[in-house]
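**Q** let me see the structure of the following:
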Amino acid sequence: MLTNYAAGLKAWHILHGQPWLVDTNSLKCCLEGENHMAPPSSKCLLRAPFTPEIIACMKSLLQLKEPLDAAVFACMSMCFWCMACLDKFTVPNLKAFNPSKNITHAAVTLVCD
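**A** Residues are numbered from 1 along each chain as shown. Predicted coordinates:
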């Protein structure tokens, strides 16, 4: 849990152009210590990943003519496929960013009908 929190803080600093003044080795030691000291009850067991077959099975159990079921399926399938294609929407690091290939703030507009 703290690993995600620390990664989020680092991402915030990078995104806002602020220096990340945390020593990498010290942070690593803190996070490893937290991991060893956490009680077993706070750790979740690994679960089987969602697959297209599981989503198809869930779809067969839904009534897609019902608004709630249609919304649940739409949300589930969009989340799955967006995560599956995440590498197409993100860059592995800041140096790999290419403004002619990747979207920038300048390219985002708000249009109202």
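**Q** distance of residue 68 relative to residue 77?
**A** Distance, residue 68 to residue 77, using CB to CB, to the nearest Å: 15 Å. To be clear about C-beta, it is placed using only N, CA and C from the backbone, and glycine gets the same treatment.
**Q** more neighbours, those two?
**A** Taking other CB atoms under 10 Å, residue 68 and residue 77 do not tie; residue 77 has more neighbours (15 against 9).
**Q** nearest residue to the more buried one in space, please, no chain neighbours.
**A** Leaving aside its chain neighbours, residue 77 sits nearest to residue 55 (6.1 Å; criterion: CB to CB, 6 or more residues apart in numbering).
**Q** work out for me the element residue 36 sits within.
**A** helix 24-37 (DSSP states H and E).
**Q** try residue 83
**A** According to DSSP H and E, residue 83 maps onto helix 67-84.
**Q** ok, now residue 101?
**A** Per DSSP H and E: nothing holds residue 101, as it lies in no helix or strand.
**Q** what sits up against stretch 75-94?
**A** 14, 50, 52, 55, 58, 59, 97, 102 (CB atoms under 8 Å, 6 or more residues apart in numbering).
**Q** check the burial of the second one by counting its neighbours.
**A** When neighbours are counted by other CB under 10 Å, residue 50 registers 14.
**Q** quick one: contacts for it?
**A** By CB under 8 Å, 6+ apart, the residues touching residue 50 are residue 80.
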